[in-house]
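Output the structure for:
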Amino acid sequence: KFCQVQLQLLLDIKPDSKLFLVIYLTLLAFGGCVVNSLVVYFMTVTKQLANQSFRLIFYSSINDILASLITLYKIPMVVVPNHITCSYLVAERFLSPFTRFASTSLVCLIGIDCLCRVKYLQDYQTKFTSLRFHILLFIFSETIIYQSLIHFVFNAFYNNNKTSLYTHPVNSGVLTIFLVSYLASFKILNRHQRSTTVQRSNSLRSNRDIMKVSKSYFFLYLISYGFLFALYVARVWILADIMEQLIRGNLVLYIEVCASIYLINAIINGIVVLRINRPTKRRIRRLGTRLRSRISGSRPAADPADVSNNKM
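I've put the predicted structure just below:
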């Protein structure tokens, strides 16, 4: 009975609409792969992984690439609903346990990192390169791996329904920490913006950068993960059995939600990297200049940052 309820709705879908659904879902999932890959590429070539915040975004983007590929593996079930495809089994039983916990936990870490960064500002790098912070990060990462392995064992050898007894509360708790951290950081950022006690121009500029980025993607994160949070809460506290049947009964909606979340997160991470990461903006500007010069046949002008680096 693994897909008994899940297949019922798909059997009623007309053949013409199936082709549209496959194309639509494929574009969503493939778009998440492409945008996340671009974010990873630009963060790598600009050598920004030494920064703690960008490194968390880098890990999150890599995880979302894998999650988008898993979504692609599930799409054949839309075409052949009478059979459980091998790709669906591989994606759902063996790969999904590792990406589900990693997605929510990395987003939680990004929220906590944002809160710490805006709270301590210039002292952030000093405080959070300490041994205590690395020990806490190690414990948190080991917890993610432990939960993922438990989920994997339940999926592979036991009844899949049993995993909801602990997976949904854990994910709900992690997303709650993320939402609380972001609300607190947003409140602190507004306080910093109204404050006139900051004298150093570099500190003020850093605060404005963080404020500009946070305001631009704060609500986007709430849109994507707010829906996911509501879904987890509903599955745990509000008619859990009925919610399980509804989610499994509409595979198309489930794939669409997952693919949309990963694509939205890729766009959000891209906004963060492009708007606050100046080396990335300079490199993209250089690439655009070179592309335009090749089209027009003229030689591109030297970048001021490169000229100053050569003089030094």
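
Please name the residues that touch F58.
In this structure, F58 makes contact with 39-40, 43-44, 49, judged by Cβ atoms under 8 Å, 6 or more residues apart in numbering. C-beta coordinates here come from the backbone N, C-alpha and C atoms, glycine included.

before we move on, what about A184?
If you count contacts by Cβ under 8 Å, 6+ apart, A184 has them with L115.

On the pLDDT front, check it for me.
Predicted confidence (pLDDT) for A184: 77.

that older thread, just give me the closest of the contacts of F58 to K281.
Using Cβ to Cβ, M43 comes nearest to K281 of those, at 12.4 Å.

For T46, what are phi and psi?
Reported as degrees, to the nearest 10, the phi and psi values for T46 are phi -90, psi 0.

Equivalent analysis for Q48, please.
According to degrees, to the nearest 10, the main-chain angles of Q48 amount to phi -100, psi 10.

so where's this protein uncertain?
Judged by pLDDT under 70, the chain has its weakly predicted residues at 1-18, 77-98, 100-101, 104, 121-172, 175, 189-190, 192-254, 275-280, 297-312.

what's the neighbour count on the residue lying closest to A266 once chain neighbours are set aside?
Computed as Cβ to Cβ, 6 or more residues apart in numbering, the closest residue to A266 that is not its neighbour in sequence is V35, at 3.7 Å. V35 sits with 23 neighbouring residues when counted by other Cβ atoms under 10 Å.

quick one on the thing from earlier: let's have the contacts of F58 in a markdown table, adding secondary structure.
Below are those laid out as a markdown table (DSSP: H, G, I helix; E, B strand; the rest coil):
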| residue | secondary structure |
| --- | --- |
| V39 | helix |
| V40 | helix |
| M43 | helix |
| T44 | helix |
| L49 | coil |
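
Can you flag the buried ones in those residues?
Burial by neighbour count, 16 or more other Cβ atoms under 10 Å: within the contacts of F58 this picks out 39-40, 43.

Among these, which one lies nearest to C108?
Closest to C108, out of all of the buried ones among the contacts of F58 and judged by Cβ to Cβ, is V39, at 19.2 Å.

ok, now how distant is I110 from A259?
Look at I110 and A259: by Cβ to Cβ, to the nearest Å, they are 20 Å apart.

Comparing these two, which shows the higher neighbour count?
Set I110 next to A259 and count neighbours by other Cβ under 10 Å: A259 wins out with 27 against 23.

Tell me which residues touch the more buried one, please.
Each residue near A259 by Cβ under 8 Å, 6+ apart is listed here: 25, 28-29, 32, 68, 71.

host element of it?
Assigned by DSSP states H and E, A259 belongs to helix 251-276.

wait, F30 sits on L72?
Yes - F30 is within contact range of L72, at 7.0 Å (criterion: Cβ atoms under 8 Å).

so what does whichever helix or strand S293 is part of touch, helix or strand wise?
Secondary structure from DSSP H and E places S293 in helix 278-296. Packing partners of helix 278-296 (3 or more Cβ pairs under 8 Å, 6 or more residues apart in numbering; DSSP states H and E): helix 15-45, helix 251-276.

10 Å instead?
Judged by 3 or more Cβ pairs under 10 Å, 6 or more residues apart in numbering; DSSP states H and E, helix 278-296 is in contact with helix 15-45, helix 251-276, helix 304-311.

Grab the CA positions of it and hand them over as CSV.
Output of helix 278-296 as CSV, limited to C-alpha atoms (Å, rounded to 0.1, in the frame of the first residue of the first chain):
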residue,chain,number,x,y,z
ARG,A,278,31.0,42.9,-4.2
PRO,A,279,33.7,40.6,-5.7
THR,A,280,30.8,38.6,-7.3
LYS,A,281,29.2,41.8,-8.7
ARG,A,282,32.6,42.9,-10.1
ARG,A,283,33.2,39.6,-11.8
ILE,A,284,29.7,39.5,-13.3
ARG,A,285,30.2,43.1,-14.5
ARG,A,286,33.5,42.0,-16.1
LEU,A,287,32.0,39.0,-17.8
GLY,A,288,29.2,41.2,-19.2
THR,A,289,31.7,43.8,-20.5
ARG,A,290,33.7,41.0,-22.2
LEU,A,291,30.6,39.5,-23.8
ARG,A,292,29.5,42.9,-25.1
SER,A,293,33.0,43.7,-26.4
ARG,A,294,33.1,40.3,-28.3
ILE,A,295,29.8,41.1,-29.9
SER,A,296,30.8,44.6,-30.9
